[in-house]
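Peer 1: what's the 3D shape of this:
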Amino acid sequence: MWELQGERLITAAGAIAGATRVFEYTMDYAQNRKAFGQPISQFQVLKHKLVDMGTRIAAVQSLVYQTAKQWDAGEYPVREISQSKLLATSWLVMLPTRPSRSWAAMATERVPVDVPGANARLARNRRRD
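Peer 2: Numbering: from 1, shown residues only. Have a look, this model is predicted:
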């Protein structure tokens with residue numbers, strides 16, 4: 001049973017890495033895309049969305065790190081591991097759709113956020129034990 005929990009924790013950590021990649025891409029896109037003579041990252045509504053994305057990633061990352069610390073200390077935090085995987089993969093599945101809802105041009109491009117989102121959907125579907 002230890003192996004199953006270890007795999008769940010690794011999946012959660014991988015989802016955090018994917019979410020961070022998506023967030024960095026989104027930030028770069030928002031800073032380089034211009035509308036009305038300024039980067040779209042300067043618009044208040046988009047600032048709120050970017051802050052929300054970053055905050056959620058940081059919160060889930062904190063949970064995953066705390067759970068990994070417990071695991072490393074020899075504890076068996078099954079509940080925390082399951083929560084970490086659920087939150088990390090659920091958030092990553094939602095993350096790639098958020099920028100394209102805001103920026104129509106991004107929805108027509110093939111963007112690198114497709115891969116982490118697809119991986120997260122696979123990881124999330126595997127959680128049905």
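
Peer 1: The most far-flung residue of the chain relative to its centre and Ser62: what is the separation?
Peer 2: Residue distances from the centre of the chain (C-alpha atoms, centre = their mean) peak at Gly37, which lies 30.2 Å from the mean C-alpha position. Per C-beta to C-beta, to the nearest Å, Gly37 is found 38 Å from Ser62. (C-beta placed from N, C-alpha, C; glycine too.)

Peer 1: Near Gly6, how many other residues are there?
Peer 2: For Gly6, the count of nearby residues is 12 (other C-beta atoms under 10 Å).

Peer 1: Equivalent analysis for Val60, please.
Peer 2: 23.

Peer 1: where's it relative to Ala19, distance?
Peer 2: With C-beta to C-beta as the criterion, Val60 and Ala19 are 7 Å apart.

Peer 1: overlap in contacts of these two?
Peer 2: Both Val60 and Ala19 are in contact with Ala88, Trp91, where contact means C-beta atoms under 8 Å, 6 or more residues apart in numbering.

Peer 1: Extract the residue ranges of this protein that are flagged as low pLDDT.
Peer 2: The model of the chain has pLDDT under 70 over residues 1-2, 95-129.

Peer 1: biggest helix in it, by residue count?
Peer 2: Looking across the chain with DSSP state H, the single longest helix is helix 2-32.

Peer 1: mind listing what the very next helix or strand once past that one pairs with, with the direction of each?
Peer 2: As assigned by DSSP states H and E, the chain's next helix or strand after helix 2-32 is strand 34-35. Here strand 34-35 has these sheet partners by DSSP bridges: strand 38-39 (antiparallel).
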